[in-house]
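In: task: produce atomic coordinates for the following.
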Amino acid sequence: MKITLDWLKAHLDTEATVDDVVAALNRIGHEVEGVENPAERLTGFRVAKVLTAERHPQADKLQVLTVDAGDGGAPLQIVCGAPNARAGLIGVLGLPGAVVPANGMELKVAAVRGIESNGMMCSTRELELGDDHDGIIELPEDAPVGANFADYSGAGEPVIDISITPNRQDCMGVRGIARDLAAAGLGTLKPLDVPTIVGEDAPATEIRTDDSEGCPAFYGRTISGVANGSAPEWMRRRLEAVGQRSISALVDISNYVMFDLGRPSHIYDRARLDGALVARRAKDGETVTALNGKAYTLADTMTVIADDSGVHDIAGIMGGEHSGCSETTTDVLIEIAYFTPERIALTGQALGLTSDARSRFERGVDPAFLDDATAIVTGHVLAIC
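Out: Residues are numbered from 1 along each chain as shown. Below is the predicted model:
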């Protein structure tokens with residue numbers, strides 16, 4: 001379980017330093033495996049603006065950029081092969097002497113096909129901030145040119161890696177850690193903000209459980225007219241700090257609540273559902289392609305989430321790729337369920353499939369947190385989307 005001090009202080013009113021938090025966690029039985037300072041890996045990378053972009057005279061797929069590094073000096077000449085490099089783009093510049101986190105290469109002033117290049121415009125993969133390497137990072141128009149990128153992105157926040165024992169599912173979210181630290185005298189736990197949201201009508205999609213043993217409680221709420229763009233910067237920054245790639249607002253909201261409160265959820269694109277959404281036993285031999293792109297053959301001992309067309313999710317472990325949200329999603333169904341820990345553990349073992357959701361459900365999430373969790377996820381969707 002990874003946390004940052006900034007995220008912790010969203011739940012804990014405290015003046016404690018990182019060292020104070022680490023000492024307290026070890027004292028009360030939460031072994032700290034390490035503290036990583038990502039800012040150290042991003043030394044020499046700064047927010048920069050592309051002023052001009054011209055085709056390289058010796059290579060059709062390269063461009064010669066002039067880049068404002070924000071230090072008051074003359075613009076730097078950079079050779080770049082990214083297809084999205086263009087005048088006006090604000091991105092991340094690696095200066096000579098910086099070491100690229102992804103491959104350990106030290107940047108130097110060098111000639112690229114006969115043209116001098118004074119550094120590199122970077123992709124998220126090169127900085128180990130995501131998997132995208134099809135183009136260079138594009139920052140908002142108001143990003144401060146010349147700023148240290150680690151400070152701007154929040155990547156400079158130290159990350160505390162905590163080993164959570166199997167009996168402490170309540171500490172599989174940042175708030176659970178904050179609660180334990182408050183009990184240990186390191187601060188005061190802040191009230192949890194649970195919005196009151198009244199539905200306007202009956203759900204647009206029927207939701208039920210036909211497997212009371214594997215899924216004793218299955219909650220859902222439908223929302224219409226959403227826009228699935230990017231999550232807010234503060235949410236993306238916190239997720240990326242703990243190793244989660246930002247995907248889209250709806251996916252990020254679900255992931256954020258899981259890491260924030262220890263409560264997994266799933267958000268479906270209703271346009272991809274056929275009939276009622278049901279928690280049921282799988283049929284022997286049924287298959288589903290999960291979000292990791294792999295196909296799994298199921299047994300009748302496993303709980304799944306399905307509609308009239310077939311299985312969508314391996315319940316409590318991983319969603320299917322078919323019903324996930326995309327940039328075109330406009331109508332959604334939020335699922336908040338309680339799955340029997342033993343069923344989740346046995347299913348995960350049989351399929352050889354691990355996930356952040358499984359690690360929480362097989363420990364036993366709070367069965368009394370269904371209503372509030374539904375309200376919290378709904379509140380985020382309404383506020384952001």
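In: so residue 350, which of the three states?
Out: Secondary structure state of residue 350, per DSSP: H, G, I helix; E, B strand; the rest coil, is helix.
In: scratch that, residue 289
Out: Assignment for residue 289 (three-state DSSP): strand.
In: so it sits right up against residue 310, yeah?
Out: No: assessed by CB atoms under 8 Å, residue 289 is found out of contact with residue 310, at 10.8 Å. C-beta: built from backbone N, CA, C; applies to glycine.
In: skipping adjacent residues, who's closest to the residue nearest in space to the middle of the chain in space?
Out: Among the residues of the chain, residue 244 comes closest to the average C-alpha position under CA atoms, centre = their mean, at 3.7 Å. Counting by CB to CB, 6 or more residues apart in numbering, residue 255 is the residue found nearest to residue 244 once chain neighbours are left out, at 5.5 Å.
In: what is the burial count for that neighbour?
Out: 22 (other CB atoms under 10 Å).
In: where do the helices sit along the protein?
Out: 5-8, 18-27, 149-153, 174-183, 233-241, 249-261, 341-351, 356-361, 370-384 (DSSP state H).
In: switch those over to CSV; also include distance to residue 126 and mean pLDDT.
Out: Formatted as CSV, those follow (distance: least, CB to CB, whole Å; pLDDT from 0 to 100):
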stretch, distance to residue 126, mean pLDDT
helix 5-8, 25, 94
helix 18-27, 27, 96
helix 149-153, 12, 85
helix 174-183, 29, 98
helix 233-241, 15, 88
helix 249-261, 22, 97
helix 341-351, 33, 97
helix 356-361, 25, 96
helix 370-384, 28, 97
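In: which one of the ones you listed lies closest to residue 35?
Out: helix 18-27 (6.3 Å; CB to CB).
In: the inter-axis angle of that closest one versus helix 174-183?
Out: Computed by axes from the mean of the first three to the mean of the last three CA atoms, to 10 degrees, the angle separating helix 18-27 from helix 174-183 equals 80 degrees.
In: which outside residues touch helix 18-27?
Out: 5, 8, 16, 31-32, 35, 158, 160, 162, 177, 180-181, 184, 186 (CB atoms under 8 Å, 6 or more residues apart in numbering).
In: and with 6 Å instead?
Out: 5, 32, 158, 181, 184, 186 (CB atoms under 6 Å, 6 or more residues apart in numbering).
In: over to stretch 357-371?
Out: 169, 172, 217, 219, 262, 264, 316-317, 336, 338-339, 341, 344-345, 348.
In: what residue ranges in the stretch 51-200 of the chain score low on pLDDT?
Out: Where the stretch 51-200 of the chain drops to pLDDT under 70, the residues are 130-132, 154-156.
In: with the contacts of stretch 357-371 in mind, which one is nearest to residue 280?
Out: residue 339 (12.4 Å).
In: identify the bridge partners of the closest residue to residue 139 other than its chain neighbours.
Out: Nearest residue to residue 139 in three dimensions, chain neighbours excluded: residue 90, at 4.5 Å (CB to CB, 6+ apart). Bridge pairing for residue 90 (DSSP bridges) gives the partners residue 49.
In: and residue 90, how far from residue 306?
Out: 45 Å (CB to CB, to the nearest Å).
In: give me the more crowded residue out of those two.
Out: Neighbours were tallied for residue 90 and for residue 306 using other CB under 10 Å; the higher tally belongs to residue 306 (25 against 19).
In: tell me, what's the model's pLDDT at the more buried one?
Out: Predicted confidence (pLDDT) for residue 306: 96.
In: that one bridge partners, please.
Out: residue 278, residue 311.
In: circling back to that earlier point, JSON lines for the helices of the chain, including distance to residue 123?
Out: Rendered in JSON lines, the data for the helices of the chain read as follows (distance: least, CB to CB, whole Å):
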{"stretch": "helix 5-8", "distance to residue 123": "25"}
{"stretch": "helix 18-27", "distance to residue 123": "29"}
{"stretch": "helix 149-153", "distance to residue 123": "13"}
{"stretch": "helix 174-183", "distance to residue 123": "29"}
{"stretch": "helix 233-241", "distance to residue 123": "14"}
{"stretch": "helix 249-261", "distance to residue 123": "20"}
{"stretch": "helix 341-351", "distance to residue 123": "33"}
{"stretch": "helix 356-361", "distance to residue 123": "25"}
{"stretch": "helix 370-384", "distance to residue 123": "26"}
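In: thanks again, I'm all set now.
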